Every structure is written in C-alpha cells, then in structure tokens.
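**Q** coords below, sequence missing:
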C-alpha cells in the first residue's frame, strides 16, 4: 500500500514544475539585440526602438524583467529603468533620442515579495544608435520679390539763368556773344563749340544746328537716358506684343524649428533638377552651423531657375548617415494649374444656356429641355414598337413556312430540300 502511494505521489510531482529553491542560479543564454521600428507606411519611427532578449537558463525562477538603458556619452545623467515586464514577454519598446548612441541591458529578477532583496541576473551590454533622417514638418516659405532697380540718379548740375555769381554772368555773356556770332554768319562755324551741351555744363539747351545733336533727342549722341513718348504709327497697327514676364528674385526661407530632429541634420541642398536627363542644372549647398533663432533664407534669380514642366524645384535634407528626405520649393508663378474651360458662343452671337441671368430662367430652360427629351423618348419608342412588330411578323411567316415544308417532306417521304 505504501509503495502505491509513493508511486502516485511521484507521478504527480512529475506533472508539476520543480520548485525554484532559494537563490537558484539563472542567467541569459543569448545576447539581447535592438531593432528600429516602422509604421504602416514603412517609415522609420524617429524616437522608438525595440529591445529583444532570448532564452535563459533556469527560466522557472524568473518572475519579471526590466530593461536598463542610458546614453553612452552621458551615462550618469541619462540612466533609466523600465517598469516590471511580464516574465513571458521577450521584448520591450523604449523611447529614445534619434542619432544618439545608447547602451542597453536586460535584468531578470526573482521576486522575494519584500522579504529580502530580489535576486537579479543581467544580460550583456549592447549599444545602438537610431540612424534617423530628419524631415520637414511644414513646407518652407517661397516668395517672389520684385528686383529693385538702381534708384541712384545721375547728378544734375544746378541750372543758371544769368543771375547769381559773377561766373554765371560771365558764362551767359560768352554764350550771348556766341549766339550773336552765329546769327551774323548764318550758321555755327565752330564745330568744337566749348559751350555746346556737355554732361557737366549747367546749360543743356544749346545744340549744334548743323549736326542736329539735340541734348533731349533720344537718338542723339548726348542722350543721357531720358526717353521721349513714342510717336503714333511707329509700330504696325494690329501687331500684338508678347507678354514678357519680368524677372523676379525667388526667396526660399525656413527655420530650424520646422525640422523634426535637428540633431540628425547634416546639410541642405537647393536643387533645380532636370527630370528628363536626371541631372541638376542649378544646385546650392548650405552647410552648418545653422541659425537657431533667425530664418535660413536663399535668394535666387528667376532666370537661373525658370518655370519648366520637365524640371523640379527640390529642397533636400541630408542626415548624418548620408540619407536624404526632400520637399518641393516651387515658386508661385511655376505652379501649373488646369485652366478653367472657356464658354463658347453660337455662330449668330447669341448666348448659350449658361448665360441666363437668374435662377428662374435656368430652371425654365431646364424644364424645356426635359420636355424635349420626353418627346423624343415617345417618338423613338413608337418607332421601336413598329420595328419590333415588323420583325415579329417576318419571323412568324418564316417559321410557318418551315413547318409546312417539313410536313410536306414527311408526307412525300422525299429527300429533297424545300
């Protein structure tokens, strides 16, 4: 009887896990590893990694896990420990800073329920840096600025009308003698007239009659940039001038706050890219350091990056790993949109249905169109019935003729066709 009881007890003991005796040793059989996480669209998560651990020796004694991690360059001030993790879990997701190297280790613990300090076993250390490529959280600003022309005008000397200083009186006296001499001989015989119009001479109205060099003539040799009104009839009537777009200065600007993780940033590249030949015809690189409080802005002449459907305006953001993300910086004048459909007029010049001035007129026209469509439906239905009736009559006549011929053939018992 005693032997039977012992055998039954031994059987039930085999069905139950062995008891974990006091401070039974356990340890990790595999080194933990760290992996990056991705969203549903395949984009890498910028601030989260997954720590994974494997098998342990004497796992039955483990009650919970924890993960300890810290930044490798500043372990004293960045060390963190996760809450308790269920003993059957084999991974834990942890929030980290991208482009910063971390060190991780996993702790397996046996819970003594406060009676004494829990027994712990640590895995080996593993380092990992989340190589993330920064991206724009909002689009950069693109503006078109008018190019400022040089407003500095040439120096205009003060006019003199024969009064004021003695020098002005003397000059006016010499000019009057010259005019007198010119009138006396009927023409100006002095080709090298020192008092003829000069840029620095205060009198601008004296000119050479023989050479017809008017100081205000736009085609004269003394033209200083003044433009006369265009005379009527100089251009052919009916000619349409092409609208020429004035060049502008394209200003592209953004702030570092628009980048999700500036610590992962290396440099920017403004690119004007040819999609046909896969090459850049204009490229400008902006290297660090970048201002934190002021915007980053670049001015580009529109002639350098003209509007072309086969070209793309690309702003590339390069990370520390050499990978890149990109956004467009298309100037407003280069945004191609589908033009609105133009309304057509009837040959007699009358307006179409869409030219009704009031809603009541539109509704009335709509009712008229419905009435016309219903009338056409009735007419076509009548025609369809007549066609169906004629087809039915022909079919029935053919069927009756075929039946009569078949009966006649049987009656005569002939092999000839009808």
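**A** Received it, and whenever you're ready, just let me know what you need. Bear in mind the structure is a predicted one, so any value in this text is a computation, not a measurement.

**Q** ok, and the closest non-adjacent residue to residue 53?
**A** Spatial nearest neighbour of residue 53, chain neighbours left out: residue 32 (4.2 Å); criterion: C-beta to C-beta, 6 or more residues apart in numbering. In short, each C-beta sits where N, CA and C put it, glycine included.

**Q** which SS state does residue 381 fall under?
**A** helix (DSSP: H, G, I helix; E, B strand; the rest coil).

**Q** show the pLDDT at it.
**A** On the pLDDT scale, residue 381 is placed at 79.

**Q** equivalent analysis for residue 14, please.
**A** For residue 14, the pLDDT comes out at 47.

**Q** show me what secondary structure element comes after the lowest-mean-pLDDT helix or strand in the chain.
**A** Using mean pLDDT, DSSP states H and E, the weakest-scoring helix or strand in the chain turns out to be helix 166-185, at a mean of 52. Using DSSP states H and E, the helix or strand that follows helix 166-185 in sequence is strand 248-254.

**Q** just the mean pLDDT for that next one, thanks.
**A** On average, the pLDDT along strand 248-254 is 93.

**Q** give me the contacts around the next helix or strand after that strand.
**A** Counting by DSSP H and E, the element after strand 248-254 in chain order, helix or strand, is strand 265-274. Applying C-beta atoms under 8 Å, 6 or more residues apart in numbering, the external contacts of strand 265-274 come out as 134, 252, 259, 279-288, 290, 296, 298, 300, 304-305, 310-320, 322, 329.

**Q** in the sheet, which strands lie alongside strand 265-274, parallel or antiparallel?
**A** strand 279-287 (antiparallel), strand 311-319 (antiparallel) (DSSP bridges).

**Q** the last one to strand 248-254, inter-axis angle?
**A** Strand 311-319 runs at 30 degrees relative to strand 248-254, counting by axes from the mean of the first three to the mean of the last three C-alpha atoms, to 10 degrees.

**Q** again, but for the first one
**A** Computed with the same axes, to 10 degrees, the direction of strand 279-287 lies at 50 degrees from that of strand 248-254.

**Q** in strand 279-287, which residues are buried?
**A** Under the neighbour-count criterion of 16 or more other C-beta atoms under 10 Å, strand 279-287 has residue 280 buried.

**Q** give the buried subset of the contacts of strand 265-274 as a PyMOL selection command.
**A** Selection of buried members from the contacts of strand 265-274 for PyMOL, criterion 16+ other C-beta under 10 Å:
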select buried, resi 134+252+259+280+298+300+305+311+312+313+314+315+316+317+318+319+320+329
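
**Q** identify the residues contacting residue 129.
**A** With C-beta under 8 Å, 6+ apart, residue 129 has these contacts: 99-102.

**Q** pLDDT weak spots in the stretch 301-418 of the chain?
**A** 336-358, 413-418 (pLDDT under 70).

**Q** quick one: the helices in it?
**A** 359-412 (DSSP state H, counting those that start in this stretch).

**Q** what do you get for the stretch 1-150 of the chain?
**A** 2-15, 75-78.

**Q** quickly list the domain ranges of the protein.
**A** Using automatic domain parsing, the domain parsing of the chain gives 22-129, 159-213, 248-334.

**Q** residue 50: which of the contacts of residue 129 is nearest?
**A** Checking the contacts of residue 129 against residue 50 with C-beta to C-beta, the nearest one is residue 102 at 12.6 Å.

**Q** residues in contact with the closest one?
**A** So residue 102 contacts 34, 49, 69-72, 96, 127-129 (C-beta under 8 Å, 6+ apart).

**Q** now, which of those sits nearest residue 56?
**A** Of the contacts of residue 102, the one sitting nearest to residue 56 (C-beta to C-beta) turns out to be residue 34, at 18.4 Å.

**Q** quick one: the closest one and residue 126 touch, right?
**A** Yes. Using C-beta atoms under 8 Å, residue 34 is in contact with residue 126, at 6.1 Å.

**Q** how far away is residue 287 from residue 296?
**A** Going from residue 287 to residue 296 by C-beta to C-beta, to the nearest Å gives 11 Å.

**Q** same question, residue 363
**A** Remark: distance between residue 363 and residue 296 (C-beta to C-beta) = 57 Å.

**Q** next: residue 48.
**A** For residue 48 relative to residue 296 (C-beta to C-beta), the value is 29 Å.

**Q** how many neighbours does residue 53 have?
**A** 24 (other C-beta atoms under 10 Å).

**Q** hang on, the earlier thing: weakest of the helices of the stretch 1-150 of the chain in terms of mean pLDDT?
**A** helix 2-15 (a mean of 54).

**Q** of all the strands paired with strand 265-274, which one is nearest residue 24?
**A** From these, taking C-beta to C-beta, the stretch that ends up closest is strand 311-319, at 48.1 Å.

**Q** wait, doesn't residue 145 sit right on residue 248?
**A** Yes. Shown here, residue 145 and residue 248 form a contact pair, counting by C-beta under 8 Å, at 6.2 Å.

**Q** neighbour-wise, which of the two wins?
**A** Between residue 145 and residue 248, residue 248 has the larger neighbour count (other C-beta under 10 Å), namely 18 against 11.

**Q** including distance to residue 111, could the strands paired with strand 265-274 go into TSV?
**A** Output for these, formatted as TSV (distance: least, C-beta to C-beta, whole Å):
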stretch	distance to residue 111
strand 279-287	55
strand 311-319	43
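
**Q** what about those strands, which gets the closest to residue 139?
**A** Shortest distance between residue 139 and those, using C-beta to C-beta, is found for strand 311-319: 9.2 Å.

**Q** which residues touch the closest one?
**A** Residues from elsewhere that reach strand 311-319, judged by C-beta under 8 Å, 6+ apart: 99, 131-136, 140, 252, 259, 264-275, 281, 305, 324-331, 334.

**Q** show me the beta-bridge partners of residue 128.
**A** Beta bridges link residue 128 to residue 102, judged by DSSP bridges.

**Q** actually, residue 92.
**A** residue 51.

**Q** mind listing what it touches?
**A** Shown in contact with residue 92 (C-beta under 8 Å, 6+ apart): 50-51, 65, 67, 82, 85.
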